[in-house]
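Chemist: mind looking at a prediction? Sequence and model below.
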Amino acid sequence: MSLALRGIEARLGDFVLRADLQVPPGARVAVMGPSGSGKTTLLSLVAGFVKPVRGQVLWDGRDLGPLPPGARPVSILFQDQNLFPHLSAAQNVGLGLRPDLRLSRADAAAVEAALESVGLGGMGGRKPAALSGGQQGRVALARVLLRQRPILLLDEAFAALGPALKDQMLGLLRQIAADSGATVLMVTHDPEDARRFADLGIVVAGGVASHPAPIADLFANPPPALADWLGEGPGGAPQGRPAAASPLSGRPEHG
């Protein structure tokens, strides 16, 4: 199953984003570009938080336009992990199955299996405050794993982590993506994250999202917008629109 954005035009105030692209099934895609260029908006289109004024978001040829965000085949991971502090790790993961947390024995067993799969077996009773940043990230990944949605969107999910822990989380995410066959779109401001995780890259700049291209080719011969973002273009300074509110999180968009 492939993800496609066909003839998309989205408008947020005076900002316009256009996209006409297709992502191969099971691809790991880094979404890159200057701050404020519309990377988060691109994810919001797929998730259903932003409605295009024209065009379609397609999954396996099916138009996702009529579907609300909760009914789309999508899971989202944010930088703050979206964990509820008053709930245990197991309960936070269980939300991926039942928002009312009325879990059957089979559900509870699935939650524990998901926690074990991310290295947190036996820690389901701990609340987020009793977990390290990396462990909180693993809880969020376990919830994504349990939901078993075929599209995974990450909006700077590991940006606040140190290099070693970030590398560990990216490795775990790669393994989860490989095991599940999920299609992953990851917004990142870190070229090294893109190199470590992705096999394809989408460049968002000048109000346009590019077709996915091999990540190695993009870095070996970057287009002007990517070269500017990398500090290799004229002046070495990225260009983009002022930061706007992110439709995904309500925070200022860093994409």
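Modeler: Great, that's in hand. Numbering: from 1, shown residues only.
Chemist: low pLDDT regions in the stretch 151-255 of the chain?
Modeler: Regions of the stretch 151-255 of the chain meeting the criterion pLDDT under 70 cover residues 232-255.
Chemist: okay, strands next: where are they in it?
Modeler: Shown for the stretch 151-255 of the chain, the strands assigned by DSSP state E, counting those that start in this stretch span residues 151-155, 183-187, 200-205, 208-209, 213-214.
Chemist: wait, Lys39 sits on Val187?
Modeler: Yes: using C-beta atoms under 8 Å, Lys39 is in contact with Val187, at 4.6 Å. Quick note: C-beta positions are derived from backbone N, CA and C, even for glycine.
Chemist: those two: who's more crowded?
Modeler: A side-by-side neighbour count of Lys39 and Val187, using other C-beta atoms under 10 Å, places Lys39 first with 32 against 27.
Chemist: same list, the strands of the stretch 151-255 of the chain, but as CSV with distance to Pro24 please.
Modeler: Formatted as CSV, the strands of the stretch 151-255 of the chain follow (distance: least, C-beta to C-beta, whole Å):
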stretch, distance to Pro24
strand 151-155, 13
strand 183-187, 8
strand 200-205, 8
strand 208-209, 16
strand 213-214, 11
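Chemist: can you pull the phi/psi pair for Arg147?
Modeler: In terms of degrees, to the nearest 10, the main-chain angles of Arg147 are phi -70, psi -30.
Chemist: same deal with the one 3 residues further on?
Modeler: Summarising the backbone geometry of Pro150 under the convention degrees, to the nearest 10, its torsions are phi -80, psi -10.
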